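In: Provided below for reference: sequence and predicted model.
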Amino acid sequence: MQRNFKPVEPPSWALEERYLKRRLKEEDIPWRILLVTYWGFFWLWVVGLINEYATQIHLQITKKKSRYATPEGFAPLVSDFNYFYMRHFYGLVRDCWDRPIGSRPGATFEYLERYGVNKNEFFHLTGKRKECLNLSSYNYLGFAESGAASEAEVIASIEKYGTSPCSPQAELGYCNVHEDLERLVADHLGKEAALIFAAGFGTNSTSLQSLVGKGGLIISDSLNHAR
């Protein structure tokens, strides 16, 4: 079933230069919001500590072991602080993340409704599904969609180049298409040559270190991924 979604125009003030270049800093946040936020975190901490101490006293009186206790002979999976944070902070809002879907992430997808148990320690599915608009996905080009406009081109590219171009350039991931793209990028920037990479994170975490040593200068775009 085809659905056409019209783009939502941003408000006029959002396109002003002072908003486009602005990065929110802590000193820009109104003190009232800061006060309420930190006050809320403080009481979450206090209530969490009271809960933990009450639980420990109850276990000592009843001579029972906590179901979260590390079995004898095993190393703990998480530290005490991580457990405390997960249970009394993140656990309260855990349902905002890691939501299960029951379809391919196209323009829309089906969300599997669920409800949390014991402060969202685990969830139960209700069996109901809700159709949602997809605003965040790696399916940029619609490859996960059957009958997508790019499907024929993708199949033709695989038949011509195979799947090896997904590998590193030092292996098999380099062909005439990459060479043409590097030449195009270099011509556009007015440089002698250019290198392209499959992912920004891999570029920043591995490749740059091998190209630049001590005393070198890296000029990076402010929108560079995972910089």
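Out: Received the coordinates, thanks. Numbers count the residues shown, from 1 in each chain.
In: what residue of the protein is the furthest out?
Out: Residue distances from the centre of the chain (Cα atoms, centre = their mean) peak at Ile61, which lies 43.8 Å from the mean C-alpha position.
In: Let me know the helix or strand that it is in.
Out: Using DSSP states H and E, Ile61 maps to helix 31-62.
In: Which of the residues in that helix are classified as buried?
Out: For helix 31-62, burial by neighbour count (16 or more other Cβ atoms under 10 Å) applies to Gly48. For glycine as for every other residue, the C-beta is placed from the backbone atoms N, C-alpha and C.
In: any idea how far the residue farthest from the centre of the chain is from Thr55?
Out: 11 Å (Cβ to Cβ, to the nearest Å).
In: Leu112 touches Phe123, doesn't it?
Out: No - shown here, Leu112 and Phe123 do not form a contact pair, counting by Cβ atoms under 8 Å, at 9.6 Å.
In: longest strand anywhere in the chain?
Out: Within the chain, and with DSSP state E defining each element, the longest strand by residue count is strand 122-133.
In: Around Ala198, how many other residues sit close by?
Out: Residue neighbour count, defined by other Cβ atoms under 10 Å, stands at 14 for Ala198.
In: all strands for the protein, in order.
Out: Taking DSSP E as the test, the strands found in the chain are 108-117, 122-133.
In: buried ones in the last one?
Out: Spelled out, it's strand 122-133. Phe123.
In: Show me what that strand is packed against.
Out: Counting contacts by 3 or more Cβ pairs under 8 Å, 6 or more residues apart in numbering; DSSP states H and E, strand 122-133 packs against strand 108-117.
In: residues contacting Lys128?
Out: Neighbour list for Lys128: Leu112, Glu113 [criterion: Cβ atoms under 8 Å, 6 or more residues apart in numbering].
In: And it, how far from Arg104?
Out: When Cβ to Cβ is applied, the distance between Lys128 and Arg104 equals 19 Å.
In: now do His58
Out: Here His58 is placed at a distance of 47 Å from Arg104 (Cβ to Cβ).
In: burial of Thr203, as a residue count?
Out: For Thr203, the neighbour count with other Cβ under 10 Å is 19.
In: surely it meets Phe197?
Out: Yes - counting by Cβ under 8 Å, Thr203 does reach Phe197; the two are 4.3 Å apart.
In: Just list whatever residues bridge to Phe123.
Out: Judged by DSSP bridges, the bridge partners of Phe123 are Gly116.
In: mean confidence score for stretch 82-91?
Out: If you average the pLDDT over stretch 82-91, you get 84.
In: Could you pull out the buried residues of that stretch?
Out: Using 16+ other Cβ under 10 Å as the test for burial, stretch 82-91 gives Phe84, Arg87, His88, Gly91.
In: all helices for this protein, in order.
Out: The residue ranges that make up the helices of the chain, judged by DSSP state H, are 17-20, 31-62, 80-88, 151-161, 176-189, 200-202, 208-211.
In: would a markdown table of those helices with distance to Asn139 be doable?
Out: Supplementary listing: the helices of the chain in a markdown table, determined by distance: least, Cβ to Cβ, whole Å:
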| stretch | distance to Asn139 |
| --- | --- |
| helix 17-20 | 27 |
| helix 31-62 | 35 |
| helix 80-88 | 30 |
| helix 151-161 | 12 |
| helix 176-189 | 22 |
| helix 200-202 | 18 |
| helix 208-211 | 28 |
